[in-house]
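Visitor: okay, predicted coordinates and the sequence, questions at the end:
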Amino acid sequence: MISIIYSTLDIASTNMAHAMIQRHGFSKDGDAWRHGNVEIREINSPLVHSEFLDDLKTDILVMLSKHSSAAGIAAFTTHSTGNWGNEAKLGGTPKRLSKAAPLHMLAVLKSLSKISAEGMQAVYEATHHGPLLKTPSLFVELGGNKETVENTSLAEKEADAVMQALEAAESGAVEYSKVVIGIGGTHYPSKFSMLAIQKGYAFSHIMPKYAIFNPDGSNNLDMLDQAATLSTNAPEAAVIEWKSINAATRNIIIAKLEKIGMQYEKI
């Protein structure tokens, strides 16, 4: 069972869910809307604090959400959840990752890339914020600025794309070359996103450059142990955005990867 979750506190989340219900054959059944092996559930609290969703005992959790961007960049995004460092400002727990669903995320990213309009981008985001979940999960977001967040037409397009992606993922029709983790780059890792769209690399967790070190100088590379295991499909390798990281930092990353027995690739 796939459980799609939306929050009434979030206009983009609500618009996407309502579009799915109206356009994809869902009917009300008790406390959810259902169609086939997919259900849509409403919550009245922030998605980033919804650890209670593990109680659903579902197979996959898909959280529909608005996307916030300090630069106001309009985008369709998808990402795993968790906190790499010593803080948890937006839900979850410090230095804890949720279980990723890389093939579902890849399917979503590919589907979103096909509807990406002028001025919009379809991109992975680095792993960040809560909730901390044991159930495999992913966020699917729309926004970047107020106009995009509230755009019902874009919400409908994203809803259709996500439903198509989930159908492909559940039927085993997602074409991928390998499952990987990403290290380096920015919060919007465009190189990783293009590698996924063009070559079928399915990213589980992505550790951006800014998350490698904490303000006190300690690093979070111990978190790669979690990234290597908390995924529905075990990552085969790490992809390092080589030029985004200095040589000294690359060396300690490689040493950690060797310690956990994971190969790496440069991009």
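Guide: In hand now; what should we look at?
Visitor: please, where are all the strands along the protein?
Guide: Secondary structure of the chain (DSSP state E): strands at 2-7, 27-29, 32-35, 38-43, 60-68, 75-79, 82-83, 96-97, 121-124, 137-144, 178-183, 201-207, 237-240, 263-266.
Visitor: okay, and the helix or strand of the protein with the least pLDDT?
Guide: Every helix and strand in the chain was compared by mean pLDDT, DSSP states H and E; the lowest is helix 146-149, with a mean of 92.
Visitor: give the buried residues for that one.
Guide: Within helix 146-149, the residues that count as buried by 16 or more other CB atoms under 10 Å are Thr148, Val149. C-betas here are computed from N, CA, C, even on glycine.
Visitor: ok, and the closest non-adjacent residue to the residue nearest to the spatial centre of the chain?
Guide: Centroid-nearest residue in the chain, with CA atoms, centre = their mean: His79, separated by 1.4 Å. Closest residue to His79 apart from its sequence neighbours, by CB to CB, 6 or more residues apart in numbering: Glu125 at 3.8 Å.
Visitor: got a pLDDT number for that neighbour?
Guide: Listed pLDDT for Glu125 reads 97.
Visitor: what's the answer for Met163, then?
Guide: The model reports Met163 with a pLDDT of 98.
Visitor: that one touches Gln22, doesn't it?
Guide: No: counting by CB atoms under 8 Å, Met163 does not reach Gln22; the two are 11.7 Å apart.
Visitor: the two: who's more crowded?
Guide: Using other CB atoms under 10 Å as the criterion, Met163 and Gln22 rank with Met163 on top: 20 against 11.
Visitor: please determine how far that one is located from Ile4.
Guide: Distance of Met163 to Ile4, given as CB to CB, to the nearest Å: 9 Å.
Visitor: pLDDT weak spots in the stretch 1-150 of the chain?
Guide: Confidence mapping of the stretch 1-150 of the chain against pLDDT under 70 gives the ranges 117-118.
Visitor: could you redo the last one with a cut-off of 80?
Guide: Along the stretch 1-150 of the chain, the parts satisfying pLDDT under 80 run over 70-72, 116-119.
Visitor: does anything pack onto the least confident helix or strand of the chain? Which helices or strands?
Guide: Applying 3 or more CB pairs under 8 Å, 6 or more residues apart in numbering; DSSP states H and E, one finds that helix 146-149 contacts strand 60-68, strand 137-144.
Visitor: which one of the ones you listed is the most hemmed in?
Guide: Of all these, strand 137-144 has the most neighbours on average by mean count of other CB atoms under 10 Å, namely a mean of 26.
Visitor: what lies in contact with it?
Guide: Identification of contacts with strand 137-144 by CB atoms under 8 Å, 6 or more residues apart in numbering yields 12, 16, 47, 53, 60-69, 71-81, 98-101, 104-105, 108, 125, 148-149, 151, 154-155, 158, 162.
Visitor: if we go to 6 Å?
Guide: With CB atoms under 6 Å, 6 or more residues apart in numbering as the contact definition, strand 137-144 has outside contacts at 12, 61-67, 69, 72-75, 77-79, 98, 101, 104-105, 108, 149, 158, 162.
Visitor: ok so, going back, now distance to Pro215 too, for the helices and strands packed on helix 146-149, in TSV please.
Guide: Converted to TSV, these look like this (distance: least, CB to CB, whole Å):
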stretch	distance to Pro215
strand 60-68	22
strand 137-144	25
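Visitor: between those, which one is closest to Tyr210.
Guide: Nearest of the helices and strands packed on helix 146-149 to Tyr210, taken as CB to CB: strand 60-68 at 16.5 Å.
Visitor: hey, C-alpha coordinates of that closest one in CSV?
Guide: Provided in CSV are the C-alpha atoms of strand 60-68 (Å, rounded to 0.1, in the frame of the first residue of the first chain):
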residue,chain,number,x,y,z
ILE,A,60,5.6,3.7,1.2
LEU,A,61,4.8,7.2,2.6
VAL,A,62,4.6,10.0,0.0
MET,A,63,4.3,13.5,1.6
LEU,A,64,2.9,16.3,-0.6
SER,A,65,4.3,19.6,0.4
LYS,A,66,5.0,23.2,-0.5
HIS,A,67,8.6,24.0,-1.4
SER,A,68,10.3,27.0,0.3
